[in-house]
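Here you go, sequence then predicted model.
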Amino acid sequence: MVSDTADMPPPVDTYETESNDDPNTVFNALVGGAAGIVLSFVPGSTLLGGGVAGYLEGGQPADGLRVGALAGLVMLVPFVFFGFLASIFFLGVGGSAPGLGVFFVLFLVFGAFYTVGLSAVGAVLGIYVKNEL
């Protein structure tokens, strides 16, 4: 005898829904980025901001990498802005040395790796803390 349920699709709750634009991820990244900015006077503030974002996000370590990188990008914007303002204040707008542009680009690249990288590590640690507690 043939079953009546053989041609029926599985229930809706068994379908996996994977969305990279999860509003909670963006919100958690903004909160973690804001925490990193507020704590910017503390050494390792990018690690702490990423940890806050990862703790709020929960889930797997891959989720932590994504939310941590987003939180790092949020933190990077004001860091770069105030860094350029400070350099203009201390070095002046006028005459610039030829190697100064290269220095600024290297400073920006190093700052981006530092901020985004430590924020991602902090988010993975935040997820670990949430899963273990």
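Received it, and whenever you're ready, just let me know what you need. Residues are numbered from 1 along each chain as shown.

Skipping its backbone neighbours, what lies nearest V74 in space?
In space, and not counting its chain neighbours, V74 is closest to G33: 2.6 Å by Cβ to Cβ, 6 or more residues apart in numbering. All C-beta spots, glycine's among them, are computed from the backbone N, C-alpha and C.

okay but the one you found is in contact with A69, surely?
No - here G33 does not reach A69: they are 10.7 Å apart, not a contact under Cβ atoms under 8 Å.

which helices and strands sit right next to the longest helix anywhere in the chain?
Taking DSSP state H as the criterion, the chain has its longest helix at helix 100-132. Here helix 100-132 touches helix 23-38, helix 45-57, helix 61-91, going by 3 or more Cβ pairs under 8 Å, 6 or more residues apart in numbering; DSSP states H and E.

will you turn the ones you listed into JSON lines that also has mean neighbour count?
Below are the helices and strands packed on helix 100-132 laid out as JSON lines (neighbours: other Cβ atoms under 10 Å):
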{"stretch": "helix 23-38", "mean neighbour count": "19"}
{"stretch": "helix 45-57", "mean neighbour count": "27"}
{"stretch": "helix 61-91", "mean neighbour count": "18"}
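
V129 is nearest to which of those?
Checking the helices and strands packed on helix 100-132 against V129 by Cβ to Cβ gives helix 45-57 as the closest, at 6.2 Å.

now the angle from the closest one to helix 100-132?
40 degrees (axes from the mean of the first three to the mean of the last three Cα atoms, to 10 degrees).
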